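1. sequence-free structure coming up:
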């Protein structure tokens, strides 16, 4: 498993997701995505390796990924006027995107 490839794919998918929702705020969303991935990289890599080695289940992995949702602060989008409720719903989409990308690579 090349985690750098997973991270690259993940970044692309998340940027696309942000652009589809808030295309006019592409610059702001890119900063938020990069910060989230920077803050979560070590944990994501460790958990992904544990999943591959079957030291944790897919359900455990999902729970761990969901626990990172609060790290996705989306400060730039909030400053740009996006509501907290809208951001909260969007965080769930981000979590699902992470799960989809990782499971596509390893399963």
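-> Cool, got the structure. All figures in this text were calculated on a predicted structure; none of them were measured in a lab. Residues are numbered from 1 along each chain as shown.

2. can you map out the helices along the protein?
-> Taking DSSP state H to define them, one finds helices in the chain at 3-21, 26-52, 58-67, 75-79, 84-106.

3. who touches the helix or strand bottoming out on mean pLDDT in the chain?
-> Evaluated with mean pLDDT, DSSP states H and E, the helix-and-strand set of the chain has its lowest mean pLDDT in helix 75-79, which scores a mean of 71. For helix 75-79, the surrounding residues in contact (C-beta atoms under 8 Å, 6 or more residues apart in numbering) are 22, 25, 28, 29, 31, 32, 84, 87. No exception for glycine: its C-beta is placed from N, CA and C like everyone else's.

4. burial count for the nearest residue to residue 6 once chain neighbours are set aside?
-> Distances taken as C-beta to C-beta, 6 or more residues apart in numbering place residue 105 nearest to residue 6, at 5.1 Å, with adjacent residues excluded. Using other C-beta atoms under 10 Å, residue 105 has 16 neighbouring residues.

5. how close does residue 105 get to residue 48?
-> Distance of residue 105 to residue 48, computed by C-beta to C-beta, to the nearest Å: 8 Å.

6. overlap in contacts of these two?
-> Residues touching both residue 105 and residue 48 (C-beta under 8 Å, 6+ apart) are 1, 6.

7. residues contacting residue 30?
-> Contacts were defined as C-beta under 8 Å, 6+ apart; by that measure residue 30 touches 15, 18.

8. read off the pLDDT value for it.
-> Here, the pLDDT recorded for residue 30 equals 76.

9. also residue 60?
-> The predicted local confidence for residue 60 comes out at a pLDDT of 96.

10. quick revisit: just send the contacts of helix 75-79 back as a markdown table, with neighbour count and distance to residue 61 too.
-> Converted to a markdown table, these look like this (neighbours: other C-beta atoms under 10 Å; distance: C-beta to C-beta, whole Å):
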| residue | neighbour count | distance to residue 61 |
| --- | --- | --- |
| 22 | 17 | 28 |
| 25 | 18 | 30 |
| 28 | 19 | 29 |
| 29 | 24 | 25 |
| 31 | 13 | 27 |
| 32 | 22 | 23 |
| 84 | 9 | 27 |
| 87 | 16 | 24 |
